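Trainee: Can you look at this prediction? I've put the sequence above it.
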Amino acid sequence: MASPLPLAPDTPDPEFRDLLAQRPQLTAHAQDGLCLEDVPLARIAAEVGTPSWAYSANTLRRRYRALRDALGDAGLRATVHFAAKSNSNLAVLRVLAGEGAGADVVSGGELRLTVAGGIGADRTVFSGVGKTAAEVREALAANIFQINAESAEEVEMLSAVAAEMGLRAPVAIRVNPDVDARTHAKITTGKAENKFGVAIADAAALYARMASLPGIRPIGIAVHIGSQITEGVSAFRAAYARVAELVTALRGRGLPVERVDCGGGLGIPYRDEVAPKPEALAGAIAGALKHLDLPVMIEPGRWIAGPAGVLISRVVLVKHGATRRFVVLDAGMNDLLRPAMYDAWHGILPVGAELFHSARRPADVVGPVCETGDTFTRGRDLPELRPGDVVAMLDAGAYGAAMSSTYNARPLAAEVLVDGNRWAVVRERQPFEDLLARQSVPDWVAG
Ligand SMILES: Cc1ncc(COP(=O)(O)O)c(C=O)c1O
Ligand SMILES: N[C@@H](CCCC[NH3+])C(=O)O
């Protein structure tokens, strides 16, 4: 491997250097250009094609361990349940299974994927506001570790399904603590007006009701207040304090509480956000809950998988509009939806070494999809990108491929796992034929 590229001190803007400095999985090399671990992204682009996703196995491992260790160091008995909705690629799940991770799933489909990825149902939590009876039956048959109930209505259904199977479902109540996580409105989940969880004031009565139902074994309390939480841990602390009060009240009524599920939500710095460290989250959990002397769980998705992944894309053309320079990529909002959906900012780095030194000019980076919202960034200072150049969109390992679609009849991009100097395609680019498959035109339309 060539030596790291010495970035020129007169680089017009220190942004590239900062982006790299904060992401040890990415390095810029004089000959090979931008590398994920030891693998040049240019090689993946050339051999797999673009757009494609690449995930760093060692980043997944490192970040999983950082969370687990922070919780342990805070004196907590804790388990980490990876939120599979953030990335349900089988190889990613398998890497985390190898670390001993559990999972958090929100559908029967995700449960099947995590089981296929080697994370047993007996280490998996099933959350979500709209579980169907069929999904619950499947989860119980698979010996699910915990079901987080989100409403009184759901509790009745859970009991009926489990009783019919001759089982008692291990159920925690997900409470809505009415805490503002101060994140994007579309991913805030812990305010009273959000659809999630049971109002904390109603939780004790529901817990008592659960204890009286034939198909339910009440096991604990869960809370999840939102995602991409970066403004300190005070919202976590407030939510956990309310949960602790509830647990104490339940125990006071003689109702057993075995564990508390503290949810996910720890944010990452996509740009210059100062995100709390795992130690701060662990401190918030320990501060509020340690005196209860019970095992705790967390359900992180983004914090583990986000920084592990990049979206590799090629410049199709550079268009000089009336007022702006548009760099048109072969990746679109159907691949990475976050900028269109949440106005999210993702770092964009050139993959070719020479581009790290070229002068930068503002550009709008857009995709080929027929929506103005198919814009990754506006007015970003970027090098003189030319058709054929490859770029990497950073921190795309969570809610990237997982949220992609075939909008505009664009097949799903390939996914690649990198582990040191080894790499492999772990999901092939979807063949176009898939988009035609299972469609049919009735005779009376075809004429
Ligand atoms: C119940 C639940 N747990 C865990 C997560 C994972 O969140 P994050 O990726 O922000 O850690 C989510 C998503 O916000 C969720 O809804
Ligand atoms: N999809 C969102 C996060 C939602 C979390 C789901 N509970 C994002 O990309 O930021």
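Mentor: Good, I have the coordinates. Predicted model only: the values in this text are computed from it and were never measured. Ligands and ions are numbered 1, 2, ... in the order given.

Trainee: Tell me which stretches of the stretch 51-200 of the chain form strands.
Mentor: Counting by DSSP state E, counting those that start in this stretch, the stretch 51-200 of the chain has strands at residues 52-56, 78-83, 102-105, 124-126, 146-149, 169-176, 198-199.

Trainee: Quickly run through the sheet partners of the fifth one, with directions.
Mentor: Think strand 146-149. strand 124-126 (parallel), strand 169-176 (parallel) (DSSP bridges).

Trainee: Would the first one count as contacting ligand 2?
Mentor: Okay, so that is strand 124-126. No. Using Cβ under 6 Å from any ligand atom, strand 124-126 never reaches ligand 2; the gap is at least 13.1 Å. (Glycine included, C-beta is placed from N, CA and C.)

Trainee: ok, back up a step: the strands of the stretch 51-200 of the chain: lowest mean pLDDT?
Mentor: Lowest mean pLDDT within those: strand 198-199, a mean of 94.

Trainee: what sits up against it?
Mentor: 149-152, 173-176, 178, 192, 206 (Cβ atoms under 8 Å, 6 or more residues apart in numbering).

Trainee: Could you tell me which residues of the stretch 201-350 of the chain lie near ligand 1?
Mentor: Applying Cβ under 6 Å from any ligand atom, one finds that the stretch 201-350 of the chain approaches ligand 1 through 224, 227-228, 263-266, 299-303.

Trainee: neighbour-wise, which of those residues leads?
Mentor: Gly263 (32 neighbours; other Cβ atoms under 10 Å).

Trainee: Grab the nearest non-local neighbour of that one.
Mentor: In this structure, Gly263 finds its nearest non-sequential neighbour in His224, 2.9 Å apart by Cβ to Cβ, 6 or more residues apart in numbering.

Trainee: can you pull the contacts of the one you found?
Mentor: 127, 174, 189-190, 196-197, 261, 263-265, 299.

Trainee: do that again at 7 Å, thanks
Mentor: With contact taken as Cβ atoms under 7 Å, 6 or more residues apart in numbering, His224 is in contact with 174, 189-190, 263-265, 299.

Trainee: What subset of the contacts of strand 198-199 is buried?
Mentor: Neighbour-count burial (16 or more other Cβ atoms under 10 Å) applied to these gives 149-151, 173-176, 178, 206.

Trainee: and which of these is nearest to ligand 1?
Mentor: Comparing those against ligand 1 with Cβ to the nearest ligand atom picks out Arg174 as the nearest, at 7.1 Å.

Trainee: Would you mind listing the residues in contact with that closest one?
Mentor: Counting by Cβ under 7 Å, 6+ apart, Arg174 touches 127, 148-150, 196-198, 222-224.

Trainee: Format the residues of the stretch 201-350 of the chain next to ligand 1 as TSV; extra columns: distance to Pro278.
Mentor: What follows is those, written out as TSV (distance: Cβ to Cβ, whole Å):
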residue	distance to Pro278
His224	17
Ser227	16
Gln228	15
Gly263	14
Gly264	12
Gly265	12
Leu266	7
Glu299	14
Pro300	9
Gly301	14
Arg302	13
Trp303	8
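
Trainee: can I get the strands paired with strand 146-149 in JSON lines with distance to Ala70?
Mentor: Shown next, in JSON lines, are the strands paired with strand 146-149 (distance: least, Cβ to Cβ, whole Å):
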{"stretch": "strand 124-126", "distance to Ala70": "20"}
{"stretch": "strand 169-176", "distance to Ala70": "23"}
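
Trainee: which element follows whichever strand or helix holds Phe376 toward the C-terminus?
Mentor: If you go by DSSP states H and E, Phe376 is part of strand 375-383. Toward the C-terminus, strand 375-383 is succeeded by strand 390-393 as the next helix or strand (DSSP H and E).

Trainee: Sheet partners, orientation included, of that following strand?
Mentor: By DSSP bridges, strand 390-393 pairs with strand 309-320 (antiparallel), strand 348-350 (antiparallel).

Trainee: near ligand 2 at all, it?
Mentor: No. Counting by Cβ under 6 Å from any ligand atom, ligand 2 has no neighbours in strand 390-393; the shortest distance is 13.1 Å.

Trainee: Quick one: name whatever helix or strand follows that strand.
Mentor: Counting by DSSP H and E, the next helix or strand C-terminal to strand 390-393 is strand 414-419.

Trainee: coming back round to it: of the contacts of His224, just say which sits nearest to Ala160.
Mentor: Arg174 (19.3 Å; Cβ to Cβ).

Trainee: beta partners of the closest one?
Mentor: Ala222.

Trainee: circling back to that earlier point, return the closest of the contacts of His224 with respect to ligand 1.
Mentor: For those, the closest approach to ligand 1 (Cβ to the nearest ligand atom) belongs to Gly264, at 2.7 Å.

Trainee: and the closest one, how far is that from Val125?
Mentor: From Gly264 over to Val125 the distance is 11 Å, taken as Cβ to Cβ, to the nearest Å.

Trainee: now do Phe145
Mentor: Phe145 sits at a distance of 6 Å from Val125 (criterion: Cβ to Cβ).

Trainee: Can you give me the neighbour number for the closest residue to ligand 1 within the stretch 51-200 of the chain?
Mentor: For the stretch 51-200 of the chain and ligand 1, the shortest gap (Cβ to the nearest ligand atom) falls at Ala83, measuring 3.5 Å. Ala83 has 30 neighbours, counted by other Cβ under 10 Å.

Trainee: Now do the shared contacts for Gly264 and Val125.
Mentor: Counting by Cβ under 7 Å, 6+ apart, the common neighbours of Gly264 and Val125 are Glu299.

Trainee: Counting neighbours, what do you get for the residue of the stretch 301-447 of the chain found nearest ligand 2?
Mentor: Across the stretch 301-447 of the chain, the shortest distance to ligand 2 (Cβ to the nearest ligand atom) belongs to Tyr399, at 3.1 Å. Applying other Cβ under 10 Å, we find 27 residues neighbouring Tyr399.
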